[in-house]
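[1] show me how the following folds:
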Amino acid sequence: MDKFVEELLSEIEIEVAFTIPIFGGIDIYESTVGCWIVMGVLILIAIILGRNLKVKDISKRQALAELLVVKAYGFIEGIMGEKYGKRFAPYLITVLAYIGTLNITGMFGLKPPTKDLNVTIALALMTILITEGAGIRFKGIKGWLKSFVSPVAIVLPINVLEIAIKPMSLCFRLFGNVLGAFIIMAMLELVIPIFVPVVFSLYFDIFDGFLQAYVFTFLSAMYIAEMLEED
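    Residues are numbered from 1 along each chain as shown. Below is the predicted model:
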């Protein structure tokens, strides 16, 4: 049990990858490096899939890229509707791909950056800032303020609290599920050290990783759609 606790604490601890020797030393943590690597990979994939696009006689690469975009836009529009879905699909699709890739980095020997609470908090804050910003953009300041007393003025405190509750829910759900997968795997390895942990490892590293990205994106889209719905 002591070994399990040590492994759990080690998994939660985010170590410094290197230090930039300026301004007295700036520590760069391994989760930050992991985020940079994932961003680089996704940018490279986007460049490969998006270059030399044609209108006629398209390549299989372009056909794949178009299929992915159409399916992704359809997913977002199915949640938010066509009116706002197309506007927010680029952000939400990027979040889906980004978190999904972050969650599977453990397969390549890296500690998933989503095990760092700072990363999940940043992702959640981005969604809430876009949600509230969308309310101001499309409803105006007056309409945005009015949404806090909808449907009746007595719910004002609850609606104000939701600004803090929603990002907390998003970040802790993502962080907790990713960390929970490690705990389950560690317990399985203690009880059944052969074969079964390998199968579950594939499940948590691939399926569950993308599932959590899907849930985060789905909830983000719901929050934005809820903010923009007509009173």
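[2] what about the residue positioned nearest the centre of the chain, which helix or strand?
    The centroid of the chain falls nearest to Ile99 when counting by C-alpha atoms, centre = their mean (3.8 Å). Using DSSP states H and E, Ile99 falls within helix 82-103.
[3] so what does that helix touch, helix or strand wise?
    Using 3 or more C-beta pairs under 8 Å, 6 or more residues apart in numbering; DSSP states H and E as the contact criterion, the elements in contact with helix 82-103 are helix 30-50, helix 60-80, helix 117-146, helix 209-228. C-beta coordinates here come from the backbone N, C-alpha and C atoms, glycine included.
[4] can you report how many residues lie near the closest residue to Glu15 other than its chain neighbours?
    Distance criterion C-beta to C-beta, 6 or more residues apart in numbering; nearest residue to Glu15, sequence neighbours excluded, is Glu30 at 5.4 Å. By other C-beta atoms under 10 Å, 18 other residues sit near Glu30.
[5] just name the most buried of the helices and strands packed on helix 82-103.
    Highest mean neighbour count of the helices and strands packed on helix 82-103: helix 209-228, a mean of 20 (counted as mean count of other C-beta atoms under 10 Å).
[6] what comes up buried for the helix holding Ile99?
    84-85, 87-89, 91-93, 95-103 (16 or more other C-beta atoms under 10 Å).
[7] hmm, back to that, could the helices and strands packed on helix 82-103 be laid out in JSON lines, adding mean pLDDT and distance to Ala17?
    Formatted as JSON lines, the helices and strands packed on helix 82-103 follow (pLDDT from 0 to 100; distance: least, C-beta to C-beta, whole Å):
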{"stretch": "helix 30-50", "mean pLDDT": "92", "distance to Ala17": "5"}
{"stretch": "helix 60-80", "mean pLDDT": "90", "distance to Ala17": "32"}
{"stretch": "helix 117-146", "mean pLDDT": "90", "distance to Ala17": "14"}
{"stretch": "helix 209-228", "mean pLDDT": "89", "distance to Ala17": "22"}
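[8] those helices: which one's closest to Leu156?
    helix 117-146 (10.1 Å; C-beta to C-beta).
[9] quick check, the residue nearest to the centre of the chain in contact with Val119.
    No: look at Ile99 against Val119 with C-beta atoms under 8 Å: they stay out of range, at 9.4 Å.
[10] the helices and strands packed on helix 82-103: which one's closest to Phe18?
    Among the helices and strands packed on helix 82-103, if distance is taken as C-beta to C-beta, the winner is helix 30-50, at 8.0 Å.
[11] who touches the closest one?
    With contacts defined as C-beta atoms under 8 Å, 6 or more residues apart in numbering, helix 30-50 is touched by 14-17, 61-62, 64-65, 68, 97-98, 101-102, 105, 110-113, 115-116, 118-119.
[12] again, but for stretch 118-134
    Stretch 118-134 is contacted from outside by 14, 31, 35, 84, 88, 91, 95, 99, 102, 113-114, 144, 163, 166-172, 174-175, 216, 220, 223-224, 227-228, using C-beta under 8 Å, 6+ apart.
[13] would you mind writing the CA trace of that stretch as CSV?
    These are the backbone C-alpha positions of stretch 118-134, laid out as CSV (Å, rounded to 0.1, in the frame of the first residue of the first chain):
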residue,chain,number,x,y,z
ASN,A,118,-3.1,23.9,-13.9
VAL,A,119,-3.7,22.6,-17.4
THR,A,120,-7.3,21.6,-16.8
ILE,A,121,-8.0,24.9,-15.1
ALA,A,122,-6.6,26.9,-18.0
LEU,A,123,-8.8,24.9,-20.5
ALA,A,124,-11.9,25.4,-18.3
LEU,A,125,-11.2,29.1,-18.0
MET,A,126,-10.9,29.4,-21.8
THR,A,127,-14.3,27.9,-22.2
ILE,A,128,-16.0,30.2,-19.6
LEU,A,129,-14.3,33.3,-21.0
ILE,A,130,-15.6,32.4,-24.5
THR,A,131,-19.0,31.6,-23.1
GLU,A,132,-19.4,35.0,-21.3
GLY,A,133,-17.7,36.8,-24.1
ALA,A,134,-20.2,35.2,-26.6
